[in-house]
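Student: take this sequence and fold it.
(one chain, ligands or ions: 2)
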Amino acid sequence: MSTDTPSDRGAGPRRIEVYEGREAVVEFDPDLTFECVDDCTWCCHHGVLLYDRDLIELAARANLAETTTDFRGEKFVTREPKDREAHVDEDGNACAFLREDGLCSLHLEEDWKPTRCSVFPLGVWLEEGDLHVDIRDSAHDHCDGLNVSDRRVIENLEAFLPEVLWDLENPDSERVL
Ligand code: SF4
Ligand code: SF4
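Tutor: Ligands and ions are numbered 1, 2, ... in the order given. Sure, this is the predicted structure:
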């Protein structure tokens with residue numbers, strides 16, 4: 001992955017080659033750092049969008065009838081009421097795969113998670129054929145992992161942006177349940 005040098009910082013959006021021949025237009029501050037914070041789990045309180053390839057992968061690991069739901073013609077992981085106070089949204093719901101201890105059962109037991117779960121706290125969208133990436137507005141308000149470590153997001157984009165994103169007709173991550 002190629003990145004700009006420190007002297008290039010602050011110059012507005014920049015194109016970064018994340019995979020060979022696959023560029024992203026980075027809209028966020030290149031100095032932004034991120035490390036997921038244990039016990040936060042905020043982004044797992046919501047129903048996550050499943051791209052078609054995620055659905056195929058999930059079908060090999062879970063019962064889709066029990067763990068997915070349709071919304072506006074698309075598939076999402078189901079939010080479900082949890083019988084606990086921690087790791088739930090204000091309405092007591094969380095992602096069907098979020099365990100009581102705040103860990104993801106899919107990630108832990110299947111070594112896999114939906115594409116959208118890797119992308120957070122970033123958001124992606126297509127603009128004139130280019131994949132753009134920025135911090136989601138909701139992450140500024142709720143994600144505890146921003147700017148708490150030395151891990152610069154711009155130097156680790158492949159960890160947030162699975163390559164499948166470049167193959168999608170509509171990767172827009174603003175669609176939520
Ligand atoms: S909101 Fe941010 S810090 Fe919290 S679990 Fe999600 S990625 Fe991690
Ligand atoms: S699938 Fe796992 S990582 Fe994704 S939202 Fe649900 S609990 Fe969180």
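Student: other SSEs contacting the lowest-mean-pLDDT helix or strand in the chain?
Tutor: Across the helices and strands of the chain, mean confidence by mean pLDDT, DSSP states H and E is lowest for helix 137-142: a mean of 92. Contact here means 3 or more CB pairs under 8 Å, 6 or more residues apart in numbering; DSSP states H and E; on that basis helix 137-142 packs against strand 122-127. (Glycine included, C-beta is placed from N, CA and C.)
Student: please state the offset of the strand it packs on from the chain centre?
Tutor: Strand 122-127 has its C-alpha centroid displaced from the chain centroid by 11 Å (CA atoms, centre = their mean, to the nearest Å).
Student: give me the contacts around it.
Tutor: Residues outside strand 122-127 that contact it (CB atoms under 8 Å, 6 or more residues apart in numbering) are 24-25, 28, 131-137, 139, 153, 160-161, 165, 170-174.
Student: in that strand, which residues are buried?
Tutor: Within strand 122-127, the residues scored as buried using 16 or more other CB atoms under 10 Å are 122, 123, 124, 125.
Student: may I have the beta-bridge partners of the first one?
Tutor: Residues found in beta-bridge contact with residue 122 (criterion: DSSP bridges) are residue 135.
Student: and the lengthiest helix in the chain, does that touch ligand 2?
Tutor: Assignment by DSSP state H gives helix 52-59 as the longest helix of the chain. No - Helix 52-59 does not reach ligand 2 (CB under 6 Å from any ligand atom); its nearest approach is 8.8 Å.
Student: model confidence score at residue 103, please.
Tutor: Predicted confidence (pLDDT) for residue 103: 96.
Student: quick one: contacts for it?
Tutor: Shown in contact with residue 103 (CB under 8 Å, 6+ apart): no residues.
Student: from ligand 1, how far out is residue 52?
Tutor: From residue 52 across to ligand 1, the span is 24 Å (CB to the nearest ligand atom, to the nearest Å).
Student: stretch 42-62: end-to-end distance?
Tutor: This stretch, stretch 42-62, spans 23 Å end to end (CA to CA, to the nearest Å).
Student: mind listing what's buried in the helix or strand following the longest helix of the chain?
Tutor: Sequence-wise, the next helix or strand downstream of helix 52-59 (DSSP states H and E) is helix 64-67. Neighbour-count burial for helix 64-67, counted by 16+ other CB under 10 Å, picks out residue 67.
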